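In: no FASTA, just this:
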């Protein structure tokens, strides 16, 4: 029996194993920002994997429950910042209702993530049961299943904490593997490392042929070294800034307004936005920037030519001559009465030239899922009287200073969304977010997502937020500047346009489907063996 899980009677085993895998999930959460203890991610999955190997004869619910507990610990702790939705009394929601909404959102999204680890545990346990001697198959299958489930979850409206995020921003060397096939390759290395440790412990505990497991570790280490050598050969590891082409330098101004949502959605808040962003724009324009960028929803009104707020910014840009990228709401190009969450580039001629419409809308905040059931109860959570509609999945933001890959709000979590824009010619990245009312821990995770996006696409990334953390990341994931949280801030950032295309930008996540196909073909050519050796 594996030393990961001692041989106890069934009831005692559950009492021991459930807390153990819960601790593993908690360790994985500590690997994420703001703690960023990224080495913990290399052992945090071992208890769950070891439990599956040590209990091949248990009923199906046994590994499923353990996977659920691991996931609740990981996703629950990493997403606890969602509870900062409370208080919502300023929206007219009673105190008890506000608490219920915040807790309900936290529990739901934690269960959503935990369902993936539960499914993974169930599937891996079936492989262990049918092919107890096929160590290589179940190890490979464990990696493929995890990457596949994360890829599926990333197609949904709710995603945030892939295992690749545990290595950002601390382990930049490993993050550069994402240039080959995106964040899935980073996740695969983390999961595979945990699997090798679990298999080694299981093999030694059984008194079996430990040489196979030791050989597996050598092979896994060899693969990791080979991938890193490939990354080094491509010149993708951090290089001195002097190697950047000086003709591609770009100076952009950002304004972190620090206007709480509960204030900016009022007439007083709109006047405050005009003052803060108007003065900030003038100050940055005088510093010779190529454009000034504001956060998501900086002007929380519908962009209409006859509106006073619209005329204010139009006249301001006309007088100053520097383009303004304004976060606001704009009428949708389709559907009368519908609006988009948008980033608009306003030029001195008074016209909108660049426009990006948010694709991934926030459930409950920007649209109401299950409208017939929840619409009457929760529609008040939207800042508009009408529903927002998502933008097209393929958009190109062509500005006066170059083509940019743009993300709004939590779209940094969706690598494919930004990858497509880089493939279509984007030379740098800009993410525009609100981040209120969330704490600094959430902001640090958001920054780590931007680091991932910058590295995998080989692009400089500028992050502009309302309450923080605004920042600048170079194409190798190094943070060049990070602003303070919860403070109004102006910053003149210098970054570089780039035209290179990494394998990930060219081909997307080719690794996950390839791994799933190899695993399926391998398993399909074997006969199940139910007897343990």
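Out: All right, it came through fine. No experiment lies behind these values; they were computed from the predicted model shown. Numbering: from 1, shown residues only.
In: So, low pLDDT: which residues of this protein?
Out: Applying pLDDT under 70 to the chain picks out residues 1-14, 203-243, 334-337, 364-365, 367-387, 526-533.
In: And the strands in it?
Out: 249-256, 291-293, 299-302, 324-331, 339-346, 352-357, 397-399, 402-408, 428-433, 461-465, 471-473, 479-482, 489-496 (DSSP state E).
In: Describe which strands the first one pairs with in its sheet and in which direction.
Out: If I follow you right, that is strand 249-256. strand 291-293 (parallel), strand 489-496 (antiparallel) (DSSP bridges).
In: so how far is that strand from its chain's centroid?
Out: Centroid separation for strand 249-256 versus its chain: 23 Å, with C-alpha atoms, centre = their mean, to the nearest Å.
In: how far off strand 402-408 does it point, in degrees?
Out: Here strand 249-256 runs at an angle of 30 degrees relative to strand 402-408 (axes from the mean of the first three to the mean of the last three C-alpha atoms, to 10 degrees).
In: Break this protein into its domains for me.
Out: Dividing the chain into domains by automatic domain parsing, as the record does, gives the ranges 10-236, 248-501.
In: Can you lay out those as CSV showing distance to residue 523 and mean neighbour count?
Out: Glycine gets a C-beta too; all of them are placed from N, C-alpha and C. Listed next are those as CSV, based on distance: least, C-beta to C-beta, whole Å; neighbours: other C-beta atoms under 10 Å:
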stretch, distance to residue 523, mean neighbour count
domain 10-236, 6, 20
domain 248-501, 28, 20
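In: Among those, which comes closest to residue 514?
Out: Residue 514 lies closest, by C-beta to C-beta, to one member of the domains of the chain: domain 10-236, at 8.7 Å.
In: Looking at this structure, which helix is longest?
Out: helix 95-130 (DSSP state H).
In: Identify the residues contacting the one residue sitting closest to the centre of the chain.
Out: When C-alpha atoms, centre = their mean is applied to the chain, the residue found nearest the centroid is residue 413 (2.5 Å). Residues in contact with residue 413 (C-beta atoms under 8 Å, 6 or more residues apart in numbering) are 154, 159-160, 449.
In: Okay, residue 111 and residue 71: tell me how far apart.
Out: 8 Å (C-beta to C-beta, to the nearest Å).
In: about what we covered before: with distance to residue 441 added, can I get the strands of the chain in a markdown table?
Out: Formatted as a markdown table, those follow (distance: least, C-beta to C-beta, whole Å):
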| stretch | distance to residue 441 |
| --- | --- |
| strand 249-256 | 18 |
| strand 291-293 | 25 |
| strand 299-302 | 25 |
| strand 324-331 | 23 |
| strand 339-346 | 24 |
| strand 352-357 | 28 |
| strand 397-399 | 30 |
| strand 402-408 | 20 |
| strand 428-433 | 15 |
| strand 461-465 | 14 |
| strand 471-473 | 15 |
| strand 479-482 | 14 |
| strand 489-496 | 19 |
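In: For residue 120, find the nearest of the ones you listed.
Out: strand 402-408 (28.0 Å).
In: how far off strand 352-357 does the closest one point, in degrees?
Out: 40 degrees.
In: packing partners for strand 402-408?
Out: If you count contacts as 3 or more C-beta pairs under 8 Å, 6 or more residues apart in numbering; DSSP states H and E, strand 402-408 packs onto strand 339-346, strand 352-357, strand 397-399, helix 415-423, strand 428-433.
In: Any chance of JSON lines for those, columns distance to residue 35?
Out: Shown next, in JSON lines, are these (distance: least, C-beta to C-beta, whole Å):
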{"stretch": "strand 339-346", "distance to residue 35": "31"}
{"stretch": "strand 352-357", "distance to residue 35": "33"}
{"stretch": "strand 397-399", "distance to residue 35": "34"}
{"stretch": "helix 415-423", "distance to residue 35": "23"}
{"stretch": "strand 428-433", "distance to residue 35": "22"}
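In: so which of those comes closest to residue 320?
Out: strand 339-346 (10.8 Å).
In: Can you give the distance of the closest one from its chain's centre?
Out: So, by C-alpha atoms, centre = their mean, the centroid of strand 339-346 is 22 Å from its chain's centroid.
In: quick one, what contacts the closest residue in space to residue 138 that isn't next to it in sequence?
Out: Spatial nearest neighbour of residue 138, excluding adjacent residues (C-beta to C-beta, 6 or more residues apart in numbering): residue 127 at 4.7 Å. Residue 127 makes contacts with 134, 137-138, 141, 523, as judged by C-beta under 8 Å, 6+ apart.
In: Quick check: residue 127 vs residue 347, distance?
Out: Taken as C-beta to C-beta, the span from residue 127 to residue 347 is 58 Å.
In: What of residue 428?
Out: Counting by C-beta to C-beta, the gap from residue 428 to residue 347 is 18 Å.
In: Could you do residue 480 as well?
Out: 27 Å.
In: go on, residue 406?
Out: Residue 406 is 16 Å from residue 347, by C-beta to C-beta.
In: Please apply the same query to residue 341.
Out: 21 Å.
In: ok so, going back, just send the strands paired with strand 249-256 back as TSV, with distance to residue 512 too.
Out: Below are the strands paired with strand 249-256 laid out as TSV (distance: least, C-beta to C-beta, whole Å):
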stretch	distance to residue 512
strand 291-293	34
strand 489-496	31
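In: Out of those strands, which gets nearest to residue 146?
Out: Going by C-beta to C-beta, the one of these nearest residue 146 is strand 489-496, 34.1 Å.
In: Run the chain-centre distance for the closest one.
Out: Worked out by C-alpha atoms, centre = their mean, strand 489-496 lies 23 Å from the chain centre.
In: what does it rub up against?
Out: Against strand 489-496 from outside (C-beta under 8 Å, 6+ apart): 244-245, 248-256, 258, 280, 283-284, 287, 289, 428, 460, 462, 468, 470, 472, 474-475, 480-481, 483.
In: could I get the domains of the chain as JSON lines with distance to residue 509?
Out: As requested, these are exported to JSON lines (distance: least, C-beta to C-beta, whole Å):
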{"stretch": "domain 10-236", "distance to residue 509": "5"}
{"stretch": "domain 248-501", "distance to residue 509": "7"}
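In: looking at the ones you listed, which is closest to residue 516?
Out: domain 10-236 (4.9 Å).
In: Residue 314: which of the strands of the chain is closest?
Out: strand 339-346 (6.6 Å).
In: what angle do the closest one and strand 461-465 make?
Out: Using the same axes, to 10 degrees: strand 339-346 against strand 461-465 is 120 degrees.
In: by how many degrees do strand 339-346 and strand 324-331 diverge?
Out: 150 degrees.
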